[in-house]
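J.: I'll drop the sequence and a predicted model, then ask my questions.
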Amino acid sequence: MIFSTQISMKTIKNILILLMATGIPLAGCEKSGHLKGLVPAKGIITYDGQPISNATVTFVPDTVTPEHRGAYATTDERGRFIMTTLQPQDGLAPGKYKIVVRKFETSNNSHPTEEQWAAIRGSAPPVSPSPQNLSPAEAIAREKATRKHLLPGKYAEAETTDLEIEIGKKGDMNIQIDLQN
């Protein structure tokens, strides 16, 4: 059997994503699971001037590398956040990021409407919708169909947000983000 020694860039990218997702240490990581070169980043998020509590903030890098990954935080009751890459509040790598902010209210009624079921399954709802009968994709679609955005939807995805930031080599301890309706 003959094996090719050429590896496509797509294969390399998929391997890197798999390694990052599973937490396997890569170049730039110390043995303790800390990433070298991280800088502190913290700030406050408001919506129309009011602090946003319990929102998820994600900094999505313009280019993902083992040393330059995304970072995330959850806001406290005063809208404050401290970014995390691997360890709680360890900061993030210097660089350019898109900022994604999400806050959802999940409906207590987890049963989608007939229109939502049509979008999920492409057909009418079953007689008795049951979570056990859903595929993983249908379960995710069902969850999305029953949650309510509490912030403007444009901030919820990296592809649609207009929020951007560049973090310098010393970090940023005074990030101010005010979302507008």
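T.: Here it is on my side, so go on. Numbering: from 1, shown residues only.
J.: and residue 160, how many neighbours?
T.: A total of 12 residues lie near residue 160 under the criterion other Cβ atoms under 10 Å. From N, CA and C alone the C-beta is placed, and that goes for glycine too.
J.: low-confidence ranges, the chain, go.
T.: Scanning the chain for pLDDT under 70 picks out the ranges 1-34, 106-134, 139-146.
J.: residue boundaries of the strands in it?
T.: Ranges of strands in the chain, per DSSP state E, are 41-47, 50-51, 56-61, 71-74, 80-82, 95-102, 104-106, 147-149, 164-167, 172-179.
J.: so which residues make contact with the first one?
T.: Okay, so that is strand 41-47. Outside strand 41-47, the residues that touch it by Cβ atoms under 8 Å, 6 or more residues apart in numbering are 51-52, 55, 57, 59, 71, 75, 78-83, 91-92, 101, 151, 167, 171-181.
J.: likewise for the third one?
T.: Residues external to strand 56-61 that are found in contact with it (Cβ under 8 Å, 6+ apart): 41, 45, 68-75, 81, 83, 92-93, 95-103, 158, 165, 167, 177.
J.: again, only using 7 Å
T.: Strand 56-61 is contacted from outside by 45, 68-75, 81, 83, 92, 95, 97-102, 158, using Cβ atoms under 7 Å, 6 or more residues apart in numbering.
J.: list buried residues within the residues you listed.
T.: Buried residues within these, defined by neighbour count using 16 or more other Cβ atoms under 10 Å: 45, 68-71, 73, 75, 81, 83, 92, 95, 97-102, 158.
J.: just the helices in this structure please.
T.: Here the chain has its helices, by DSSP state H, at 9-22, 114-121, 136-145.
J.: distance of residue 93 relative to residue 159?
T.: 22 Å (Cβ to Cβ, to the nearest Å).
J.: looking at these two, which has the bigger crowd around it?
T.: residue 93 (24 against 9).
J.: so the more buried one makes contact with residue 38?
T.: Yes: between residue 93 and residue 38 there is a contact under Cβ atoms under 7 Å: 6.0 Å.
J.: for the nearest residue to residue 85 once chain neighbours are set aside, which residues are in contact?
T.: Among residues not flanking residue 85 along the chain, residue 71 sits closest, at 4.6 Å (Cβ to Cβ, 6 or more residues apart in numbering). For residue 71, the contacting residues are 59, 83, 84, 85, 92, by Cβ under 7 Å, 6+ apart.
J.: the nearest residue to residue 168 once chain neighbours are set aside: how many residues sit nearby?
T.: Spatial nearest neighbour of residue 168, excluding adjacent residues (Cβ to Cβ, 6+ apart): residue 94 at 5.9 Å. Look at residue 94: counted by other Cβ under 10 Å, it has 18 neighbours.
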